[in-house]
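**Student:** What would the 3D arrangement of this be:
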Amino acid sequence: SKDDHTTINGNVVCLLPDYKSGNVNPVIATAPCDGYPPHHHVVVTDDRVYSLQGLQDGLKRIERNPNRTNIQVAGKVQGSNQTGWVLFVN
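**Tutor:** Below you'll find the model as predicted:
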């Protein structure tokens, strides 16, 4: 239902893998990131970090959007302060 959907405001951060070091590099991309190797995204708000999950279409929309700072992302939020937060992108 629409009731469990919400919109959050924040910065989209790409977690780009560095296979040599075994780490990830958090990057706020200044251009679409769909040309980078496959990677995860988080949205950082004033008080939380949300891991972005969802169907390919919703995630591709975010990857193709050149704006990464102070944007709105809509979806269904699950999680808690103990387990962390996930936003299932529309």
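
**Student:** What's the first helix or strand after the longest strand seen in the chain?
**Tutor:** Among the segments of the chain that qualify as a strand by DSSP state E, the longest is strand 5-18. Following strand 5-18 in sequence order, the next helix or strand is strand 23-27 (DSSP states H and E).

**Student:** Touching that next one from outside, list them.
**Tutor:** 13-18, 39-40, 42 (C-beta atoms under 8 Å, 6 or more residues apart in numbering). C-beta here means a position set from N, CA and C on the backbone, and glycine is covered the same way.

**Student:** let's go with 6 Å and repeat that
**Tutor:** 13-18 (C-beta atoms under 6 Å, 6 or more residues apart in numbering).

**Student:** Now for those: which two are most distant?
**Tutor:** V13 and D18 (14.9 Å; C-beta to C-beta).

**Student:** which one of these two has more residues nearby?
**Tutor:** Using other C-beta atoms under 10 Å as the criterion, V13 and D18 rank with V13 on top: 20 against 9.

**Student:** State the distance from that one to V27.
**Tutor:** 7 Å (C-beta to C-beta, to the nearest Å).

**Student:** Buried residues, stretch 29-45. List them.
**Tutor:** By 16 or more other C-beta atoms under 10 Å, the buried positions in stretch 29-45 come out as 29, 33, 41-44.

**Student:** so how far is the first residue of it from its last?
**Tutor:** 16 Å (C-alpha to C-alpha, to the nearest Å).

**Student:** pLDDT of that stretch, averaged?
**Tutor:** Per-residue pLDDT values across stretch 29-45 average out to 93.

**Student:** And it, how far out from the chain middle?
**Tutor:** 7 Å (C-alpha atoms, centre = their mean, to the nearest Å).

**Student:** Check stretch 4-19 too.
**Tutor:** For stretch 4-19, the distance to the chain centre is 2 Å (C-alpha atoms, centre = their mean).

**Student:** Go ahead and confirm H40 touches L15.
**Tutor:** Yes: counting by C-beta atoms under 6 Å, H40 does reach L15; the two are 4.7 Å apart.

**Student:** Cheers, nothing more for now.
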